[in-house]
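sequence isn't available, so here's the structure alone:
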């Protein structure tokens, strides 16, 4: 964070002349196995209280400026060619004022033998309650600058085709799409935002320039990689897998019976050939519902397959309600026939 200008170290003279409020924010290291670019991140706890107050207690969240994720995904593949962009460190792209900087102090040392140093975050911090609203509004206000008035379509993309730091758009003409993506980059650069390389239909991975998709398709079967095993060259479109070479969206399925720590599973997702041997015995209604509820399909690509799961849940509740209330049977074993149906999904 220091090397890219998102935080600074405060020397002994930093407090001289500053009579405003000071606040220190606690932090911890959180592993994120789902991310290939940031497998370990720093989490800032702006909600931690001291003497009954926290920074987030004093901040307003701001209006909801997020676009509906379903609408963004549907528009993403409504035209012939698609482009997927990702804003680098979006929250850290917006500067804080001096009085806000001193409310974002933190303590840090690289080694236990070192003295503890005092640092401060100088960009919008992801742990703050209004961080998402601030970053989104900053992007849109940049697009409304007078010098970009003629860039109508590019401004529309930054208003309607964004979800947090993801930009998903499409057009029937590939050359026009490439021109639009260049315009979006020009606008964002004026606001201090930068983009990772675009992923465009027909392009393999995140390297190289967009090319017109070839009609030739490889017949070699591909292995679907589970979310916590995705590599850097693979792409996601708001939680869905996207293959730019074949221009296909993939529903990323996962089966994982390991315990949770916070909201993360402690073990790896099971592969298809591991499910039968690794399904818990006994299998309870709570376990089955947990797996089915975690199936992410925002635009209904796999509705026929998911309907089977819904029918299983209904049957399990009907079974439980025959003798006693279903709420008392969450941890009772499912009967053998129902367990067998579950293992075929």
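Noted; the coordinates are in hand. Values in this document were obtained by computation on a predicted structure and should not be read as measured data.

where exactly do the helices run in the stretch 201-345 of the chain?
275-278, 285-293, 303-320, 336-342 (DSSP state H, counting those that start in this stretch).

of these, which stretch is the most buried?
helix 285-293 (a mean of 16; mean count of other Cβ atoms under 10 Å). Backbone N, C-alpha and C define where each C-beta goes, glycine included.

what packs against that one?
helix 303-320 (3 or more Cβ pairs under 8 Å, 6 or more residues apart in numbering; DSSP states H and E).

and the angle from the helix it packs on to helix 285-293?
Using axes from the mean of the first three to the mean of the last three Cα atoms, to 10 degrees, the direction of helix 303-320 lies 160 degrees away from that of helix 285-293.

give me the mean pLDDT for helix 303-320.
For helix 303-320, the per-residue pLDDT values average out at 81.

roughly how far is it from the heart of the chain?
29 Å (Cα atoms, centre = their mean, to the nearest Å).

helices or strands up against it?
Helix 303-320 packs on helix 285-293, helix 336-342, going by 3+ Cβ pairs under 8 Å, 6+ apart.

could the ones you listed be laid out in JSON lines, adding mean pLDDT and distance to residue 266?
Listed next are these as JSON lines, based on pLDDT from 0 to 100; distance: least, Cβ to Cβ, whole Å:
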{"stretch": "helix 285-293", "mean pLDDT": "84", "distance to residue 266": "14"}
{"stretch": "helix 336-342", "mean pLDDT": "64", "distance to residue 266": "22"}
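
for residue 10, grab phi and psi.
phi -90, psi 120 (degrees, to the nearest 10).

isn't it right up against residue 122?
No: using Cβ atoms under 8 Å, residue 10 is not in contact with residue 122, being 10.5 Å away.

who has more neighbours, those two?
residue 122 (20 against 16; other Cβ atoms under 10 Å).

which residue ranges form the strands in the stretch 51-200 of the chain?
Taking DSSP state E, counting those that start in this stretch as the criterion, the stretch 51-200 of the chain carries its strands at 81-86, 105-108, 117-121, 162-163, 166-171, 199-200.

nearest to residue 65, out of those?
strand 162-163 (9.7 Å; Cβ to Cβ).

any idea of the pLDDT on residue 163?
92.

going forward, begin numbering at 2 instead of 1
That works, and once the first residue is 2, the last one we named lands at residue 164.

who's the residue nearest to residue 174 when sequence neighbours are not counted bridged to?
Closest residue to residue 174 apart from its sequence neighbours, by Cβ to Cβ, 6 or more residues apart in numbering: residue 82 at 7.4 Å. On the basis of DSSP bridges, residue 82 is bridged to residue 172.

would you agree residue 82 is in contact with residue 172?
Yes: in this structure, residue 82 is within contact of residue 172 by Cβ under 8 Å, at 5.9 Å.

which residues do the two both contact?
residue 178 (Cβ atoms under 8 Å, 6 or more residues apart in numbering).

can you lay out the helices and strands packed on helix 304-321 as JSON lines showing distance to residue 118?
As requested, these are arranged in JSON lines below (distance: least, Cβ to Cβ, whole Å):
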{"stretch": "helix 286-294", "distance to residue 118": "43"}
{"stretch": "helix 337-343", "distance to residue 118": "53"}
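
any weak-confidence spans in the stretch 2-151 of the chain?
Along the stretch 2-151 of the chain, segments meeting pLDDT under 70 span 13-18, 33-38.

again, only this time at 50
Of all residues in the stretch 2-151 of the chain, none has pLDDT under 50.

ok, residue 60 - contacts?
47, 129-131.

if we go to 10 Å?
By Cβ atoms under 10 Å, 6 or more residues apart in numbering, the residues touching residue 60 are 47, 104, 129-132.

show me which of these is closest to residue 252.
residue 132 (29.8 Å).

quick check, that closest one in contact with residue 91.
Yes: using Cβ atoms under 10 Å, residue 132 makes contact with residue 91 at a distance of 9.4 Å.

which residues do the two both contact?
residue 125.

hmm, back to that, for residue 201, which of the helices of the stretch 202-346 of the chain is the nearest?
Here helix 304-321 is closest among the helices of the stretch 202-346 of the chain (Cβ to Cβ), at 28.4 Å.

per-domain residue ranges of this structure.
Split into domains by automatic domain parsing, the chain comes to 8-212+226-251, 261-343.
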